Every structure is written in C-alpha cells, then in structure tokens.
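**Student:** sequence and predicted structure below; questions after.
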Amino acid sequence: MSNINETARMIAHSLLDHEKKNGEITEEKILSIIEKVSAIDIIPGQQINKEDLFEVLMSDLSIGQGSITSMTDDIEPWLNNEKANIDFELWNRYKLYLKEKDKSFPIPSLDDFTDKILDKCVNPKQKGSWDRRGMVVGHVQSGKTSNYVGLINKATDAGYKLIIVIAGTISSLRRQTQDRIDSGYIGRNSSLYLRNKGENRIKGVGKYKVKTDIYPLTSSYYHKGDEGDFSTKQLHNSNIPIGKNPVVFVIKKNKTILENLIDWLSHNEDIKTVEGRKKLMNIPALIIDDESDYASVNTTKDINEVKTINKLIRVLLNLFDQNTFIGYTATPYANLFISQEYNEDLTTYVKGKEYFIGDDLFPKHFIVNIKAAKNYIGASTLFGLEDPNSEESTEPLDIFRPIYSEEYNPPLFEKINKHNKDNLPEYLPNSLKYAIKSFILTCAIRRLRGHEKKHNSMLIHVALYVKWIDRVAMLVNELIKEFTNNIEANDTEFIEEMRNIFESDFKPTTESVLENLRYKDNRIKTHTWEEVRKEIRTAIKKFDVRAVHGTASLSKLDYHNISNIDYDRHENGLSVIAIGGGKLSRGITLEGLSVSYYLRTTKMYDSLMQMGRWFGYRPGYVDLCRLFTNNRIFDWFNHITMATEEMRNDFDIMSSQNLKPKDFKLKVRNHHGLLAVTSASKLYWSTNIKISFSGTNLQTYTLNKDFESINNNFNIFKSLISKLEHPIEKLTTRGDLKYLMFKKVDVQYLTDFINDFRIDIPTIKNSVISDYILSQNLKNNIKEWTICIVSNTDKKVNVKYPKDENQEPMYYNINSNGHNIQMTCSVRNQTEPNLKYRITKNQIDDIKDRQADLDVQEFKSNIKIRKQRKIENKGLLLIYALDERGTSNLNNNIPVIGYSIYFPEIKNETKTSYTATIFDDFDEEVMPEEENSKSE
C-alpha cells in the first residue's frame, strides 16, 4: 500500500471512530468517508486509490466477512485463559505475510475463526492421554487452506509438536498444499531443505524472524511423480528429531504413503506399549484431513469391514497418545453418515506389525460451520437463493450461459463411455469457441481495471480420458494461434465478432451485476468497446494452454504442454486455459478463474459440488465470469445447492439450541434433501431412512413445460378448488382479491392434489410428502391445514417473453362453492431460455404469503414466521398460477401451476419410512477415471 493510501487509511479510521458513535458502520458510510478523505490534499500532486482504500477499510472493520457457528460435545474452553502464556510469534508473522500479499485480506475474521477452532482442540499442554475428533465445514473455493494454515500456526504457538496434513488423493494437490504450507508456516523451501541437507532458502513467512524453527518432513519436489511425498529413506538421512522442534508432514491419501508413515513413526524412541497398544507418547499431534469427505469415509455396512484409507487414518490417529483430528470439507454429508460404533478390538497389519484400528472418524466432539463472507461467489449467489434470516432476496447473477446438446454433440459428448470413447473430436464446437472469445474479453477488461499482473484462468472440463484431454488441448492451442493471427492481422470479421459479444453480452451483464450484486465492489466499471479493443492483443499474447492429467510420458501424447500450473513463477500474472479431468475437479486451485466450460456429469452429490471450481472470491471481475454448461447440469447444481443451504440453516438453528454433533447427524439422516443428493454407497447404515419434514418448506422452483404436465396440473388445481368449501376472500386495501383461502381442509384433498401433481424436482417425491402428511394426521400432530390460492394484484406486469414492462396481466377463472371467480396470474420470470420453467430466485412465494394463514402476522424474517407457525401448529399449502410469459416457448393460454408447502415444527412427529435411491437423471455409464495415471 502506498504512503499516501496508508496516511489516508489512518485519517479515515479517525473519522470512522467518530461515526461509530452515531451507529453501525456501513458500506455507504465508508464510501462517504473516502470521499471526504480524497478531498484532502494529503501529498501535493498525488491522489489516493479509492478502490484499494475501500477494500482495506472493509477488511479492517470486518464488514461482510462471514461468521462462524458450532456444535460441541461438552468441550471445556481453554484458550482465553491460556492466551497470556502463549507467544503467538508464528501467527503474528503469518498475519504480516498475508497483509503484505493482500492488504484487503480479512485477517480479523481469520483471527477470530481460528481462535474458535483452536479452542475446540485439546490444549496441547494438557497432561495424560487425549483424543479429539472434529470437522470444519466451509464452502468450495472459500479459503479453507488459509484457514487451516492459520490454525496450524496458532496450534504450534500453543504447543502442538507434530502436524500432519492429509491433502487429498492427487499429487498436484498435495504439492500445491505443500507450497502453501512452505510459504505460510515453514518459511523455507522444503524441497531444497530436504534434498540439499539443510539448505535454507527462505520462502513466504521466512522473511520474518522468529525463535521457533519448523522442520518439514515432506516437500514439493517432483521429477516424474511426487517424489516430495513421504519417503522413509530421505527422512532416515535427515536426522530430524520428533518432539523437540515442531515438524510437519504433507501427505497424500495413499495406501503406501500412510503405511510407510505409520511404520516410520512406530520406530520412534518415544513409542511405548500401553495396554497392548503402541502409543507415541508426549508428542501432541494435530492432524488435518483436507477434503475429509473424499476417500476417508468407511462406506461398508459392517463395522468389522473397514476400507483401506479409512483404516490407515484410524491406525495413524490411534498411534498417538495425544492427538486432535480435524476434517475440513465443503460437502459434509459423508462425514455425518460415519458410524459412531466401532469394534475396539479390531486390528490390522502394517509392514508385518499388528496395530489396533481404533475409533472411526465421526466428528463427535465438534463441528464448526464457517459462513462465507458477503463477497464470496458461491452457489447461493449463483442461483439467487433467499437468505432465510432476511426479507431481502437477490436475483441470481447473470453469468450462466446455457449450451444445448446440438451445440456440442458431436464433436463433444456429455457422457463418454465404451461406445464413443474412441471418437476423438476433430474440431471444437462453436459454443466452446464462444467461451474462449469470452475469456479473451475478460482478460482484456481486467487489464483496464488495473489487473495487468493478476492471474487469469479458464477451465475446460469435458472428459476424464487422458486421450480426450490431450486432443482437446491440442485443438484449443491451435485455435488460440488462429485467434492471435486474426488479431495481429486486424481481421475485420473476427474483430466484429468480438465487438458483438462485448456489446450483446458483456456490457448488459456488467450493468445487471452492478444492479443486483449484494455487496459493494468499486472495481467493477463499465467500459467502451474502443477501450477494450486496445487491450485484446496484449491479453491474448499472455495465453498459455495446459493439459492437466496424470500421464507424464510425452511419447503417448500429441500435446506436450503438461507442466504443473505454478502461478508463483509468474510475477506478472499467468493467463492459462486449463483442460483437464479429475485434477481440475478435485485438484488444483485455479487462480483468477473466470470462464468455465463444463460438460461432465456425475450422480455423486459431493463430487459434483467439489467440481464447482467457479465458486470463490472474484474481486473486481465477478461480472466478467461465465459458466458454460447444459441446463441439466445447472439444474442439478440448483437442486443440491438448495438441500445444502437448508442443512446449513438447520445447523445454525441447532447450534443456537446448544445441541451436539450426534443430534445434527440424526437431523441429516432424516432430512428429505437426502432423496436428491445422497449416494447409496454413503448410506451404509441403512437404505431405508426415516424422512422428516418438520419445520421445512418445499417449493416447486422448477416446473415442467410440456403441455401434458401443464394441462394436468391446471385441471387437478381446478378440481381441488371445486371440492373445497367455505372460501375466505382476502382483499387488498383497494379492494383487489389477494387470497382465496380454505381453512381446516380435509388432508385427503391435499394429498390427492400432491400425488397427482406432475413435477421432476428430485427433492419433491409426491408419495413421500403425502405419506408424511397422512402419518401426522393420524396422530393429530398438525392442528390444521390451510390451502391458499394467491392472486396477483398488479395492474401492469413485467414479463420476460416478450420483454415488456407494461403488459396486461394474464387472467383465469375457477369455480369455488358454485361461484365463478376471476383470478390473476402471478409473474415469476426466469433469466434465460430453458427446457424447464425455473423460478429465478428458487422461491415461488414471498414473505407475506408465507404467513397468510397465521393469527399473528407482519413478520419481517422467515425465522420469526417459522417460530410462529410452530406455536400455532398450522400447515400451509400456497398455490400459484403463473403467467406462462415468464418463461420461453409457451403459448398454451393456460396458467402454469406451482406450489409452496409449509410444515410446522412438530415436537413428536411420526417419521415416514423411505427407501433411498440416488437421483437417476444422469443415467447411462459415466466417464471412467483418468487412465494412465501412474504418477498419481
């Protein structure tokens, strides 16, 4: 940060201190203060950078920086009492390092979060034997590595002596994690240190002097494979003692590596035999399992049958007399299915020696949920999910670009199997060419915004087969050469194509994002085509096309640029187009990822979420990001996101009630979202689960658009109304009909409507919902049900197809109690053409409608409505007739019927038994894993 900006920062804080007396500091107040400071002539002839100053002040004040909730099982806090006795030298130098890298890094939040996590670990100075199991749940690409590197620094300051980071199953990911540990914790180049007998080349935090020396026992070195992973031979030559200075391992989740590490530790001089079990004594260990949902979980039904990786991690933990184990994940389902039962006498053999396997990995002592910062671009932002704690909701960001099968099939295929795997593409589809042109524009515009030295990445993920990755990379590289020649030659046709994309896509998207973004980002600006065109040549000149896969032998490849993507070697910024499979989906972090072209399908919920590499922080360029995929994959992401957000909300509620991890496990097991997102192999405890809808809401946020479904749903809607008696008409103050309400309805009418409704949302299973309603009715668990028909009261409406803000509303007629009633269709627009009618905010109703049946109303938040519904013990079915002009390609003159159903929270509910199956929309054989991946 420049001297003038540092001075401006101090002046701003002085003014903000005065503002704090007048209330909460908001983004608007910060912007106002910055304007006042910029008017001061601090250094003659120099101007402050307003954008940088805004980001720094937001960080300093921790505005919009997320929060943390947790569940614990009778853990005694210790950190606050112990802080005075801890010299946080390692943490302090990590803070300095982060601040130097990025002045706007939210260090206060990281400090707070890591304090709370460390407080749930065991105090390393505690005597005796101890074992602590926990889990930290973050978001995909949300900075979890920074979190656990910060935690490791603090844990070492507090007295932990041995750190093991288990960094996934992929070599490139392990090396990337090792580099982060080198820079943020060790402070030296681990590869040179181990290979050159102690050569001390400082790295990252190493520039700041501390008394504590940290010794690496693995490194980032690679030649053909991952030679820097754990090596017994190298460590025997290193003479690094365990238990004195802190030592750290960064290892893969690999059978051989884990067995070698267990065997090496078992030869330590501090190994004792305690009650027949080998224990490494008096060496407090912190073990971090990165991506703990992947490969670590035992998926067998029998507790006496244990999968290899799960077994070896348990043996490793059981080897320590004092250890804390923390699993980090963004997709915690598998971890919450782990059995808490285990056979304490179960043993296994490693390198000819017998070991006890020990307790399973369920996070029985604590679960921490990290809520992302406001500027995190995650699934909820992408899909425009509603904040349950607020009456505000935002439109989804307009960055999804649907690609239809005819636009890529052939030469590309959504599913690559034994029938088409040899049909390698001879050319690239126009949709991929368009995506690459979008990436060129993105890089050019980022230059205009002062990002000349920032990294830019594009992801192309269309196959797992190495030969497919190789071929696509070669074709993309040839295309980049062609585009470069077009730019150099000032090709009129090509330049016009680029201008059209900018004018029709980029300009309106930037304007839309500026209008709908839920946080302030002063770096996002509008630009003219003339400005952008001047930067295109320089932008494309930096492009580097990389094939990312597991094959190291160039003789088998047509495209030879397969080197690891090492952003640190490019001080002036790397602009890379990465074509890959598994390594990209659950592997390396792509810095500055902006454009993704994604076709691969999978039935596995957690795998699909982890493949969402487009999530993350996008300061100054979220409007330039693009996700190219088909509607089916996008819809599936939508479904699983809904279920995940619901469970995060459940966690926060249960956390406020001081419940324990085992309670949340039970809640997850009974959650209806499992109907959509669970792999059958993860349900080892049962394929027959008990479903709970207590306190939940189901909405038809995606509707069928075929005529048969629309006609069927409208007819059963009219049939339902004709059967119901004693309608109550609720009018607005100006006399317009808002609700047609039926109270104390017979639940049979309700369940008949639900059973006959045609819909293809995986979380809505008609028979499961109706069975649940009938089960509660038998026990009188719900006092009464209300059916409410919602009518629109607007005189003019804004419909999407055709786009017009002053259309006459669409009307329809129903017969109720012998009277003909005219109703008005509601408008729910979607953002793009689609084979389904997708409600843009993933909610068909609004906050006023959700309380229409309650005796006490006018609540401003969903939490308060939920509490009142529990008190009154009422169920509500809201039915909406939607204007067909809100979606594309409909001209039936029939309303599209959708509904939203609310269950009260039921104290002694009767759960409904259901046989779980995975979502079968992605049928047929999916792509196998990468072949020829010996280096992995």
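**Tutor:** Received, thanks. Residues are numbered from 1 along each chain as shown.

**Student:** name the next helix or strand downstream of the strand or helix carrying residue 334, please.
**Tutor:** Residue 334 belongs to helix 333-336 when assigned by DSSP states H and E. Later in the chain than helix 333-336, the nearest helix or strand by DSSP H and E is strand 347-350.

**Student:** tell me the mean pLDDT for the helix or strand following that next one?
**Tutor:** Going down the chain from strand 347-350, the next helix or strand is strand 353-356, by DSSP H and E. In this model, strand 353-356 carries a mean pLDDT of 93.

**Student:** show me what strand 353-356 is packed against.
**Tutor:** helix 255-266, helix 308-318, strand 347-350 (3 or more CB pairs under 8 Å, 6 or more residues apart in numbering; DSSP states H and E). To be clear about C-beta, it is placed using only N, CA and C from the backbone, and glycine gets the same treatment.

**Student:** among those, which comes closest to residue 693?
**Tutor:** Among the helices and strands packed on strand 353-356, helix 308-318 comes nearest to residue 693, with 32.6 Å by CB to CB.

**Student:** how near is residue 549 to residue 294?
**Tutor:** 19 Å (CB to CB, to the nearest Å).

**Student:** name the residue in those two with the higher neighbour count.
**Tutor:** A count of neighbours by other CB atoms under 10 Å puts residue 549 above the other of residue 549 and residue 294, at 29 against 20.

**Student:** my read is that that one contacts residue 581, right?
**Tutor:** Yes - with contact defined as CB atoms under 8 Å, residue 549 reaches residue 581; the gap is 6.2 Å.

**Student:** so residue 629 is in contact with residue 403, correct?
**Tutor:** Yes - counting by CB under 8 Å, residue 629 touches residue 403, with 6.6 Å between them.

**Student:** now list whatever residues contact both of the two.
**Tutor:** Counting by CB atoms under 8 Å, 6 or more residues apart in numbering, the residues touching both residue 629 and residue 403 are residue 597.

**Student:** and for the closest residue to residue 621 other than its chain neighbours, the neighbour number?
**Tutor:** With sequence-adjacent residues excluded and distances taken as CB to CB, 6 or more residues apart in numbering, residue 621 is closest to residue 446, at 5.5 Å. By other CB under 10 Å, the residues close to residue 446 number 24.

**Student:** cool, and the one 10 residues further on?
**Tutor:** Burial of residue 456 is recorded as 26 neighbouring residues (other CB under 10 Å).

**Student:** correct me, but it touches residue 574?
**Tutor:** Yes - counting by CB under 8 Å, residue 456 touches residue 574, with 7.5 Å between them.

**Student:** and for the two, which residues touch both?
**Tutor:** Listed as contacting both residue 456 and residue 574 by CB under 8 Å, 6+ apart are residue 542.

**Student:** can you tell me which of the helices and strands packed on strand 353-356 is most buried?
**Tutor:** Stretch with highest mean neighbour count among those: helix 308-318 (a mean of 22; mean count of other CB atoms under 10 Å).

**Student:** need the contact partners of that helix.
**Tutor:** Counting contacts by CB under 8 Å, 6+ apart, the residues outside helix 308-318 that touch it are 131, 164, 166, 253, 255, 258-259, 261-262, 265, 277, 287, 289, 295-298, 306, 323, 325, 348, 350, 355-361.
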